[in-house]
Every structure is written in structure tokens, then in C-alpha cells.
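A.B. asks: Sequence below, structure please.
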Amino acid sequence: MKKTKTKTMNPDSQIPLLIPPTSPTMESGGRPQKGTLLFIVSVLFLMPLAALFISLHIHNLQKAFRREENSLPLFPRGVAEGVSAKSNPYLWQKGSYNWTNAMLSWQRTAFHFQPQKNWMNDPNGPLFYKGWYHIFYQYNPESAVFGNITWGHAVSTDLIHWLYLPIAMLRDSWYDAKGVWSGSATLLPDGRIVMLYTGNTHQNVQVQNLAYPANLSDPLLLHWVKYADNPVVLPPPGIGPKDFRDPTTAWVGPDDKWRVLIGSKVNQTGLSLVYKTQDFIHYELNDEYMHEVPGTGMWECVDFYPVSVNGPDGLDTSVNGPGVKHVLKSSLDDTRGDHYAIGRYFIENDTWVPDDPNKDVGIGLKLDYGRFYASKTFYDQNKKRRVLWGWINESDSETADLKKGWASLQSIPRTVVFDKKTETHLLQWPVEEIESLRLRSYEFEEVVVKPGSVVPLDIGPATQLDIFAEFEIEYLASKGTGKKENVGCGNGAFDRSSLGPFGILAIADDKLSELTPIYFHLSNTSFFCVDETRSSKASDVSKLVFGSEVPVVGDERLSMRVLVDHSIIESFAQGGRTVISSRVYPTEAIYEAARLFVFNNATDINIKASLKIWQLNSAFIRPFPFH
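C.D. replies: Got it, this is the predicted structure:
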């Protein structure tokens, strides 16, 4: 690819005004002719009708604009603007369930970050600065559906309890007039902070912009200044105007130049572009892509960072050398998933090669096999760890979202480390601060669950939980050693085979009319799955089966950790080797009626389940007390 330097787009191009024709005039002398007089009488007669017509037309236009913002669109929201779909086409033809206020209120989470109200999507620019963790996020301050995207902002001292701050950046310039989209923060060695973000221009062109704090002495970073000569990077030749977005955190090379990745595609080949800069104002495009994978489509929200192969600590984004591998991750518009691979970064030409070509980006592993997208990591220099966030979307209807007044949340922040046992996976785990919410605990040792059985766990309401579970298998003598069918997750937890499924039933009612199984299913390999298909009686909810293979290494026991927080369940198998986020919207298994069970739907084995369970408190999430 030919190198290009930045250039400025002309912001003054406008659509010319349509000039109405001149009005009828009288003939010279001021005396109206007969035809003119008839015309005037007709006009006087028709004016009230015309006024009525105009009034109705304006009323209909206003209704149409309200429908566009608050009702079902003709196409998925976001697609016309050149980003991934932000609404669920599966639900367009579904009638709205008769949700009560009590049902909708229950869905609000207790310890996951979400705004006070309205729509949220991608996490942006996370960082730790002067004692505060900062999260920015895609936000619509006017409605619970996608649109009018600005940057929301919140701070925390522990990644669990959050304080809302005023909006950080509005779409108030020609270069971001149609959206202040995703971006990343870079902390420079001299203490400065630069924020690169994608703006959608007034002409629907994706460009990269620079912003920085107005006052570095302010630990809350309340005010942000957009660079006067934005944009700093335009789509290069050969890249579509809607295929150029989401700059990464920058890292510095041995030449003292900073590198930034931007996601894109050429035809159906997904790729990451590399730009170099010394001042974050002037950029040069590398001749080679960092990496490309044919058939993967548009790469959004690209992330790139080092991991240590020898220790548990996270690494600053600029670290490279012996004992270091690099993770390349992309959110694929075509699959709606966050795909990653581990490989080697070559600093001499800024390229990256996966360790295993069969596990390349988009054709191998996912960070999360459930409802999880647009994730972003940052290096937490406070605790020497790499922390990952992801956007968890809704799977109910927009009608329900508008009624409850909010949509979407962020995952629990997760630490990310290299899996030394497999050397092919990452391990994700909830940040340790989540343990500060633990209240009463319950322990169950070697609970025997026979084939076809369900065992209740007496822990009271099961709406906010931290669950650790281990499972041992006892083969039944009358059944031999079990048949290892290649079943995967099947059609859900109610497809029985010799070695599964078995696990827990979360957010279930006593009658088991609503339940969400989180389970293992063994065959030639081990699968970890979540089944939403019976999680709710509501008709306007997308209910799927999620899951993937999970390696079980050496003498490891089958284990899972599950965080339950009302309408979200985050499940981590084998220490975080495979992760699944799911959304549930029960109509009966809510409040005091929510229960927890252990189940075994295998035919040839007994299960011994050992569990430790904590009830979790709610997090403190509210506006910053400026007074």
C-alpha cells in the first residue's frame, strides 16, 4: 500500500438551497383582472384547507421522527451510519410481551456498570489516572435506542463502585457531526494523555480525531479539548469511507515513533492498518498491514497488546522482547463476536503472525462466546494488570427497552493473562475487587446428582450471586464407561447423552418453568455451554444456545465460576479459558422467586458437585457528589 500523509477535508461543502418560485403579481396599474380576482378568492377559500393540510403534514413528520428514534427501524440501527448493527432484526416481527413494571425493574443490574438511563454501547478510552479509574462509553443521552452517539464518562477507585460524570465529548463539529465513535487513550511518559477516536463526519466519512484533557491537574478529567485541526487521519486510498475506524492505544517503538492500529477491510478481507506518529498530529501509513485474514469482513474495535508468558502481571502496551507474546483481537461485524489470537509481533516492519494459523483472528478463538462485543483492554499501572471491558447488549425488544428507559451494560472488568497450560488461550477472570461485594456464603460438598435429576440449593433468593462449582464424574457400572458422542452444546441442556449435559440452573423458579442452564457436555472433548432457550416465557426475547470447546488439561477438575446479576450471567470455565456472557429476562423467576439448582441430564454417569456460593451486595453507582 502506498504511504499517505494526512490532509484536511473541506467542511464547507453544502447542499444548495431550493428557491421557491415568485408569487403571482397584479397587472400594471394595480387593477386586478377577472382571472386574478378569481384566483385570489380561490386562495382565500383554500387557505384554511391548506393550513390544515400543512398542520397534519408537520404532525405526521414529527410522528415519523419520533418513530425513527423510538420505534422499530426499517433496517438495523447503525448500519446506515457505517457501523455494526445496534438493533436485533430477529425481534422486528415479534409482538411486545406484556411486561409489568416489576418485571422490567428487576432486569436492572446491581453491580455491573450501566448509565442511569438511555442507550450505551462500546467502552472507550479506559485508563487509570491520579487515583481514579476512568471509563468512557458510547452513549445516547436522549433515548434508550442507538443514535446521537456521544461519550459518557464515569470514574471509580476500585472498578466496582462508579460515579457518573458529565458527558465528555459531544458530536459538535463537522468531523464528528454524526457520531463521536470509539477510541482509545494513551498515557505518554511525560504525563500527558492523548485520546484518539473515530468521528463520523457530516458526510458519513469515518475519520480519526485527537482530543486531550483541558487540565491535567484535574484527576477527574472533566473537560476535553478537541484538536483544532481535526481530523488527523483520513481514509487512505483503497479503503472505503465507512471502513476505517476505532484506533487502538498507541505503543512506542525503538525508533521513538508511536504506532496505532485502525480496523478496516478490503472486499471481504479483514485487516488492521498501522500508522506511525511522533506528535499524534502527523501520521504516516505503513506499507504493510499489521495483519489480514481473508473472509473475515470488517474489523472493528481492534485491540493489540503484549502478554507475559512467564508471570501473572500485565504489561504496558509498549513492552516487547523475550518472554512476551502479543494478542491481536478484532470485533467482527459479520459474526458479531470478539475474536482473538496469540502470536509474534515483528517490530522491524510492524507485522504480526499467529502462533497457529488454524487459530487466526476470526477463524479461531473468541474472548467470549455469548453476548459480548467491542471489547477494549488497558494496562492498569496501579496494580500491574491488564484489564478488559466488553459491551453486553440487550436481547429483548426495543419496545421493552424504551419502556424501561435503558439498554445495555458493560461486563465486569476482567484481568487477562496468558494461559501457560495450553499456550494457545487467554485466561479471563473477574477483577479481585468484586469480592468486596460478598455477603453470606454457602458451601455444598460432593452433592450427588443422579441421571435425570435436579437438586435444589437452599441459599434463598438467587438474583445476585458469585458461584464456584467443581464436578467429579462417577461412571455407572451398569452403563459401562460412557459413550463419547461428538455432541458439542447440542440444541441445549435438554438434549441427553451418555456424558452430559450437567451443571447448574440459574435464575430458575421452583416449578422450573423458567431457568438458564450453565453446563458441561462431554464427548470426544469437553464443551462449556449456556442455554437461554427456556430462560423466559416472554415472546419478544432472543433466546439462544451459546458455547464452545474448553480444554481440560492434565488432572484439572471440571470447574466453573458464575456471576449472576439479575438479567446478566457471566460464566467462566476452567479458570477463564472459555467465557460466556448471557442475558435473561424471566417473567416469574424474579425477586424472591429466583432459585439455584444443580442438574444432571447425562444418562451414564452420576455427578458429584461441590459448590461455594456468595450472595453479593449491590455496588454504589450514582452521580458524582460535586457539592
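A.B. asks: Gly125: how many residues sit nearby?
C.D. replies: For Gly125, the count of nearby residues is 28 (other Cβ atoms under 10 Å). Where you see a C-beta, it was placed from the backbone N, CA and C, and this is true even at glycine.
A.B. asks: Equivalent analysis for Trp162, please.
C.D. replies: Neighbour tally, Trp162, other Cβ under 10 Å: 24.
A.B. asks: I'd like the distance from it to Thr109, if you could.
C.D. replies: 12 Å (Cβ to Cβ, to the nearest Å).
A.B. asks: for Gly452, same thing?
C.D. replies: In terms of Cβ to Cβ, Gly452 sits 34 Å off from Thr109.
A.B. asks: who has more neighbours, these two?
C.D. replies: Thr109 (20 against 11).
A.B. asks: Could you list the domains of the chain?
C.D. replies: Taking the TED database as the reference, the chain has its domains at 123-430, 439-622.
A.B. asks: Name the strands paired with the helix or strand hosting Leu328 and say parallel or antiparallel.
C.D. replies: Here Leu328, judged by DSSP states H and E, is contained in strand 324-332. Applying DSSP bridges to the sheet, strand 324-332 is found paired with strand 299-308 (antiparallel), strand 337-346 (antiparallel).
A.B. asks: quick one: which of those strands is nearest Val232?
C.D. replies: strand 299-308 (17.6 Å; Cβ to Cβ).
A.B. asks: check contacts around the residue nearest the centre of the chain.
C.D. replies: The centroid of the chain falls nearest to Trp391 when counting by Cα atoms, centre = their mean (2.0 Å). With contact set as Cβ atoms under 8 Å, 6 or more residues apart in numbering, Trp391 has these partners: Met120, Asn121, Asp122, Pro123, Gln138, Phe372, Tyr373, Ala374, Ser375, Ser408, Gln410, Ser411.
A.B. asks: give me the beta-bridge partners of it?
C.D. replies: Legend: beta-bridge partners of Trp391 under DSSP bridges are Tyr373, Gln410.
A.B. asks: Please identify the helix or strand for Val447.
C.D. replies: Val447 is part of strand 438-449, with elements assigned from DSSP H and E.
A.B. asks: If you count neighbours, what's buried in the helix or strand that that strand is followed by?
C.D. replies: Where DSSP H and E defines the elements, the next helix or strand beyond strand 438-449 is strand 453-456. In terms of neighbour count (16 or more other Cβ atoms under 10 Å), strand 453-456 has its buried residues at Val455.
A.B. asks: Alpha carbons only: can I get stretch 420-437 in PDB?
C.D. replies: Output of stretch 420-437 as PDB, limited to C-alpha atoms (Å, rounded to 0.1, in the frame of the first residue of the first chain):
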ATOM      1  CA  LYS A 420       0.600 -21.300  30.400                       C
ATOM      2  CA  LYS A 421      -1.000 -24.700  30.400                       C
ATOM      3  CA  THR A 422      -2.500 -24.600  26.900                       C
ATOM      4  CA  GLU A 423      -0.200 -21.900  25.400                       C
ATOM      5  CA  THR A 424      -3.000 -21.100  23.000                       C
ATOM      6  CA  HIS A 425      -5.600 -19.400  25.200                       C
ATOM      7  CA  LEU A 426      -6.000 -16.400  27.300                       C
ATOM      8  CA  LEU A 427      -7.400 -16.700  30.800                       C
ATOM      9  CA  GLN A 428     -10.000 -14.000  31.800                       C
ATOM     10  CA  TRP A 429     -11.100 -13.600  35.400                       C
ATOM     11  CA  PRO A 430     -13.300 -11.000  37.200                       C
ATOM     12  CA  VAL A 431     -11.200  -8.400  38.900                       C
ATOM     13  CA  GLU A 432     -10.400  -9.200  42.500                       C
ATOM     14  CA  GLU A 433     -12.400  -6.100  43.700                       C
ATOM     15  CA  ILE A 434     -15.700  -7.900  43.000                       C
ATOM     16  CA  GLU A 435     -15.000  -9.900  46.200                       C
ATOM     17  CA  SER A 436     -15.700  -6.800  48.300                       C
ATOM     18  CA  LEU A 437     -19.400  -7.300  47.500                       C
END
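A.B. asks: from the chain's centre, how far out does that stretch sit?
C.D. replies: Relative to its chain's centre, stretch 420-437 lies at 19 Å (Cα atoms, centre = their mean, to the nearest Å).
A.B. asks: can you list the residues that contact the strand or helix carrying Gln428?
C.D. replies: In this assignment (DSSP H and E), Gln428 forms part of strand 426-430. Strand 426-430 has contacts (Cβ under 8 Å, 6+ apart) with 307, 327, 340, 342, 365, 367-368, 388, 412-419, 561, 563, 570, 572, 575-577, 579.
A.B. asks: Check which strands are paired with that strand and give the direction for each one.
C.D. replies: Here, using DSSP bridges, strand 426-430 pairs with strand 414-418 (antiparallel).
A.B. asks: what mean pLDDT would you report for the partner strand?
C.D. replies: Computed over strand 414-418, the mean pLDDT rounds to 98.
A.B. asks: Same check on stretch 175-185?
C.D. replies: Stretch 175-185 carries an average pLDDT of 97.
A.B. asks: residue contacts, the residue lying closest to Leu187 once chain neighbours are set aside?
C.D. replies: Closest residue to Leu187 in three dimensions, ignoring its sequence neighbours and counting by Cβ to Cβ, 6 or more residues apart in numbering: Ile193, at 5.8 Å. Taking Cβ under 8 Å, 6+ apart, we find Ile193 in contact with Leu127, Tyr129, Ala185, Thr186, Leu187, Tyr212, Pro213, Leu216, Leu221.
A.B. asks: Now the buried members of those residues.
C.D. replies: Buried among the contacts of Ile193 by 16+ other Cβ under 10 Å: Leu127, Tyr129, Ala185, Thr186, Leu187, Tyr212, Pro213, Leu221.
A.B. asks: So which of those belong to helices?
C.D. replies: Among these, DSSP state H puts none in helices.
A.B. asks: Just the closest of the residues you listed to Thr248, please.
C.D. replies: Distances from Thr248 to those, taken by Cβ to Cβ, are shortest for Thr186, at 8.9 Å.
A.B. asks: From Ile504, how far out is the closest one?
C.D. replies: Distance, Thr186 to Ile504, by Cβ to Cβ: 42 Å.
A.B. asks: Break down the stretch 401-550 of the chain into its helices, ranges please.
C.D. replies: Counting by DSSP state H, counting those that start in this stretch, the stretch 401-550 of the chain forms no helices at all.
A.B. asks: residue ranges with poor pLDDT in it?
C.D. replies: Scanning the stretch 401-550 of the chain for pLDDT under 70 picks out the ranges 479-485.
A.B. asks: Let me see the ranges of the strands in it.
C.D. replies: Remark: strands assigned in the stretch 401-550 of the chain by DSSP state E, counting those that start in this stretch are 406-407, 409-410, 414-418, 426-430, 438-449, 453-456, 464-475, 502-508, 516-522, 526-531, 545-549.
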